[in-house]
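Trainee: return a 3D structure for these sequence lines:
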Amino acid sequence: GQVAARCLRRQLLDLDTVLEEKVLGCKIGAFVDKHGWAAFRAAEALLLQDVLLGSFGVDDVASGCIVATGGGVIETPCALEVLERHRHVIWVHRHIDDILRTLEGVGSYRPGLGEHPSAIYERRRPLYERCSDFVFPMRRGDDAWPAIE
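Mentor: Numbers count the residues shown, from 1 in each chain. Sure thing, here's the model as predicted:
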């Protein structure tokens, strides 16, 4: 999100950051540990809808603000519907090995999802394809975001 926003000279709105700072009042992992994934996904979907429909108070969304979401947002049916109706949705398609490396990286805490991340990715993949207008494919091992700029 940050690289795209800089390259396109647009404001970045990272939903996870907004959720933590303005909606949940704590880190996502702590919220999920206390309230569960269903409560988190409901808050995430509501925020996505508010941001994309303009009721959250972000003026730049209509004029091209970059909105970065977490990968699981598409598993909530109402969030998926919002993304399907919104243009332009870009799927940054990373190789599963790179995703796993990020998830297992230092300082990366994710509450358990009940299944291996590879299985989650395979379940989500058709949903990403369904709601995306464009795909930005990343080569395996190509995590050098500064070099992309």
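
Trainee: wait, is Glu129 part of a helix?
Mentor: Yes: Glu129 forms part of a helix when assessed by DSSP: H, G, I helix; E, B strand; the rest coil.

Trainee: number of nearby residues for Tyr121?
Mentor: 16 (other Cβ atoms under 10 Å). Every C-beta, even on glycine, is put in place using the N, C-alpha and C of the backbone.

Trainee: and Val92, which of the three is it?
Mentor: Applying three-state DSSP: Val92 is strand.

Trainee: where does the nearest residue to it once chain neighbours are set aside land on pLDDT?
Mentor: In space, and not counting its chain neighbours, Val92 is closest to Phe136: 4.9 Å by Cβ to Cβ, 6 or more residues apart in numbering. pLDDT for Phe136: 85.

Trainee: Phe136: what's it in contact with?
Mentor: With contact taken as Cβ atoms under 8 Å, 6 or more residues apart in numbering, Phe136 is in contact with Ile90, Trp91, Val92, His93.

Trainee: so which of those is the most crowded?
Mentor: Going by other Cβ under 10 Å, Trp91 tops these with 20 neighbours.

Trainee: how many neighbouring residues does the closest residue to that residue other than its chain neighbours have?
Mentor: Closest residue to Trp91 apart from its sequence neighbours, by Cβ to Cβ, 6+ apart: Ser132 at 3.9 Å. The local packing of Ser132 (other Cβ under 10 Å) involves 18 other residues.

Trainee: on the three-state scheme, the residue nearest to Val92 is what?
Mentor: Classification of Phe136 by three-state DSSP places it in strand.

Trainee: all helices of the protein, in order?
Mentor: 2-8, 15-18, 28-35, 37-52, 77-85, 96-103, 117-131, 145-148 (DSSP state H).
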